[in-house]
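Student: here is a sequence with its predicted model. Questions after.
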Amino acid sequence: MQNGLQMQTQINACQISRIQSNIADKNKKVAKARFCARVAFVVGICALALFISACDKKENNEFNKPAMYWYQSILKEIKFGNLEGADNFYASLQSEHINSPLLPEAMLILGQAHMKKEEYILAEFYFDEYLKRFATARNADYVAYLKLQSRFYGIKNSSKDQEFFSVSLMEFDTFLERFPNSRYVPFVQTMQVRFVLGQNELNKGIVNVYKKQRKQEAMEKYQDRIDSDLESATKPKPSHLPWYVRMFNW
């Protein structure tokens, strides 16, 4: 009986030892697999970083390319909505191929792309550069109209800028003097009227400021700048301002 118990104990000990050995082997395999996975992950991250770095380096070191290469790169970046990249490729096109016939085309395309994205200052820059360097008798009025249009759409960002209104109205007058027979005259006149109304609203706000400060001379000065005849003829509605803006507005 005692011998039987000893044998049974030995068997159980052997089984436990075997189970523990199996568990240890499994733990080693799991640990090894985890280690391999971590190594693979780190290697993958490093490879990706090297790839991105190589791509950036390649892009930054691009030079001495044909004009068509830069032009197509500009179009590609515009298509993807990356106007900053398109501007960079334009800089390369201009620096390497200053006399390329693709340069004025790129200017117009970039100007319209920036206008579409509501980046009106950059849009105006490209149209202005085109007018200075490449405008002809056939298209000068069109590009000048695009430039004025970019100013017109950008008025919401400069609604309290007196210089913006003054310069813009001067440019409207210049357009109407230079291109009296242009097909774009009616559109320019409409924008001009709206600019005058915007300037009137700005001057009204300044009048109210000086009125609160009891500065009679300054108040009368800006009161005289308001086009009363146009106000009476058009009877414009005040610009809509959200209540949280109105609290801090003039």
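Tutor: Thanks, I have it.

Student: any stretches of this protein with poor pLDDT?
Tutor: Applying pLDDT under 70 to the chain picks out residues 1-61, 157-159, 239-250.

Student: so where do the helices sit in it?
Tutor: Ranges of helices within the chain are 2-60, 67-79, 83-96, 102-116, 120-133, 140-153, 162-178, 185-212, 216-224, 228-234, 243-246, based on DSSP state H.

Student: hmm, residue 196 is touching residue 228, no?
Tutor: No: assessed by CB atoms under 8 Å, residue 196 is found out of contact with residue 228, at 11.5 Å. Yep, even glycine has a C-beta here, placed from its N, CA and C like the rest.

Student: neighbour count winner among those two?
Tutor: When neighbours are counted by other CB atoms under 10 Å, residue 196 and residue 228 differ, and residue 196 comes out ahead with 19 against 10.

Student: in stretch 63-78, what's buried?
Tutor: Buried residues in stretch 63-78, defined by neighbour count with 16 or more other CB atoms under 10 Å: 67, 69, 70, 71, 73, 74, 75, 77, 78.

Student: then that stretch to CSV, C-alphas only?
Tutor: The C-alpha trace of stretch 63-78 is given here as CSV (Å, rounded to 0.1, in the frame of the first residue of the first chain):
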residue,chain,number,x,y,z
PHE,A,63,16.3,71.5,-59.6
ASN,A,64,17.2,71.9,-63.2
LYS,A,65,14.0,70.4,-64.5
PRO,A,66,12.2,71.2,-67.7
ALA,A,67,9.5,73.9,-67.6
MET,A,68,6.8,71.4,-68.4
TYR,A,69,7.8,69.4,-65.3
TRP,A,70,7.3,72.3,-63.0
TYR,A,71,4.1,73.3,-64.7
GLN,A,72,2.6,69.8,-64.4
SER,A,73,3.7,69.7,-60.8
ILE,A,74,1.8,72.9,-60.1
LEU,A,75,-1.3,71.5,-61.7
LYS,A,76,-0.9,68.3,-59.7
GLU,A,77,-0.6,70.1,-56.3
ILE,A,78,-3.6,72.3,-57.2
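
Student: what sits up against it?
Tutor: When contacts are defined by CB atoms under 8 Å, 6 or more residues apart in numbering, stretch 63-78 is touched by residues 83, 85-86, 89-90, 92-93, 96-97, 100, 102-103, 105-106, 109-110, 113.

Student: buried subset of these?
Tutor: 83, 85-86, 89-90, 92-93, 97, 100, 102-103, 106, 109-110, 113.

Student: so which of those comes closest to residue 181?
Tutor: Using CB to CB, residue 109 is the member of these that lies nearest residue 181, at 27.5 Å.

Student: gap between residue 141 and residue 177?
Tutor: Going from residue 141 to residue 177 by CB to CB, to the nearest Å gives 12 Å.

Student: who has more neighbours, these two?
Tutor: residue 141 (19 against 8).

Student: spit out the contact partners of that one.
Tutor: Residue 141 neighbours (CB under 8 Å, 6+ apart): 175, 178, 179, 182, 183, 184.

Student: widest-spaced pair of the residues you listed?
Tutor: Largest pairwise distance in those, by CB to CB, is 14.0 Å, between 178 and 183.

Student: quick one: contacts for residue 225?
Tutor: 199, 203.

Student: tally of neighbours for residue 229?
Tutor: 8.
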